[in-house]
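**Q** the sequence and its predicted three-dimensional model are supplied below.
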Amino acid sequence: MTIFIYGLNYRARREHIVALCSPYGNVLSARIIVDQEAKRSKGYGFVEMETLEQAEAAIAAIEGMTHMGRVIHAVHAHDRAKNE
């Protein structure tokens, strides 16, 4: 299950979002999205958890918390519709 985390401080790194989610279960992957032209964070990222239950626990804990001076939000990530 993948979590979409947004509102992140632009200085937040992969390790920060792993640390936010790992108390609630096994983190399979994590990434911060970076603007390729500006070479800086866009303020959001994705964390993949091992199970739905772990992801829901992490979302419940992270939603609305303050991290690095900013209020962050977490929701279930939705797959992008594929262009056919």
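**A** It's in.
**Q** from here on, just use CA atoms for contacts and neighbour counts.
**A** OK.
**Q** for this protein, which segments count as helices?
**A** 14-21, 52-62 (DSSP state H).
**Q** which residues of this protein score low on pLDDT?
**A** Across the chain, the ranges flagged by pLDDT under 70 are 80-84.
**Q** need the helices of the chain in JSON lines (columns: distance to Val75).
**A** Converted to JSON lines, the helices of the chain look like this (distance: least, C-alpha to C-alpha, whole Å):
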{"stretch": "helix 14-21", "distance to Val75": "13"}
{"stretch": "helix 52-62", "distance to Val75": "6"}
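**Q** number of nearby residues for the closest residue to Gly43 other than its chain neighbours?
**A** Leaving aside its sequence neighbours, Gly43 sits nearest to Leu8 (C-alpha to C-alpha, 6 or more residues apart in numbering; 4.6 Å). Look at Leu8: counted by other C-alpha atoms under 10 Å, it has 24 neighbours.
**Q** thinking again about what came up before, could you identify which of the helices of the chain is most buried?
**A** helix 52-62 (a mean of 18; mean count of other C-alpha atoms under 10 Å).
**Q** output that helix as PDB, nothing but the C-alphas.
**A** Output of helix 52-62 as PDB, limited to C-alpha atoms (Å, rounded to 0.1, in the frame of the first residue of the first chain):
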ATOM      1  CA  LEU A  52      -2.700  -2.000   4.200                       C
ATOM      2  CA  GLU A  53      -3.000  -2.100   8.000                       C
ATOM      3  CA  GLN A  54       0.500  -0.600   8.400                       C
ATOM      4  CA  ALA A  55      -0.300   2.100   5.800                       C
ATOM      5  CA  GLU A  56      -3.500   3.000   7.600                       C
ATOM      6  CA  ALA A  57      -1.800   3.200  10.900                       C
ATOM      7  CA  ALA A  58       1.000   5.500   9.500                       C
ATOM      8  CA  ILE A  59      -1.600   7.700   7.800                       C
ATOM      9  CA  ALA A  60      -3.600   8.100  11.000                       C
ATOM     10  CA  ALA A  61      -0.500   9.100  12.900                       C
ATOM     11  CA  ILE A  62       1.100  11.400  10.300                       C
END
